[in-house]
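Novice: Fold the stuff below for me.
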Amino acid sequence: MLSSAIWYLIIGVVAGWLAGTFVKGHGFGIWADLIVGIIGAFIGGFALSIFGITTTGILGEIISSTVGAVILLWIIRLVGGGRTKTE
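Specialist: So this is what the prediction gives:
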């Protein structure tokens with residue numbers, strides 16, 4: 001059970017980092033990547049199931065979580081109005 005939780009955390013960090021790389025050009029840091037990846041796993045699983053796509057194995061879970069994390073980041077960007085940092 002503990003090893004499963006560790007795998008979920010690792011997959012969450014990898015998926016969050018990949019999504020950050022696709023959307024923003026770099027990751028957000030380990031904690032933000034983890035949160036984005038875990039939430040993305042739920043969104044990705046739901047979104048892919050709508051289209052009848054199922055994933056298996058670690059690579060499939062990373063892909064599913066990354067898809068969900070990218071969707072999450074796009075939604076955040078739409079709601080946030082695409083604000084950028086000002087100096």
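Novice: use CA for all of it now, contacts and neighbours both
Specialist: OK.
Novice: List the buried residues for whichever strand or helix holds Ile10?
Specialist: Here Ile10, judged by DSSP states H and E, is contained in helix 2-23. By 16 or more other C-alpha atoms under 10 Å, the buried positions in helix 2-23 come out as 8-20, 23.
Novice: Tell me what angle the following helix or strand past it forms with helix 2-23.
Specialist: Using DSSP H and E, the next helix or strand after helix 2-23 towards the C-terminus is helix 30-50. Between helix 30-50 and helix 2-23, the angle comes out at 90 degrees (axes from the mean of the first three to the mean of the last three C-alpha atoms, to 10 degrees).
Novice: which residues sit against helix 30-50?
Specialist: For helix 30-50, the external contacting residues (C-alpha atoms under 8 Å, 6 or more residues apart in numbering) are 8-9, 11-17, 19-20, 27, 54, 61, 64-73.
Novice: Show me how far stretch 10-20 is from its chain's centre.
Specialist: Remark: stretch 10-20 is offset 6 Å from the chain centroid, using C-alpha atoms, centre = their mean, to the nearest Å.
Novice: what's the average pLDDT for it?
Specialist: Stretch 10-20 comes out with an average pLDDT of 89.
Novice: From the contact counts, what lies against the helix holding Ile10?
Specialist: Judged by 3 or more C-alpha pairs under 8 Å, 6 or more residues apart in numbering; DSSP states H and E, helix 2-23 is in contact with helix 30-50, helix 57-80.
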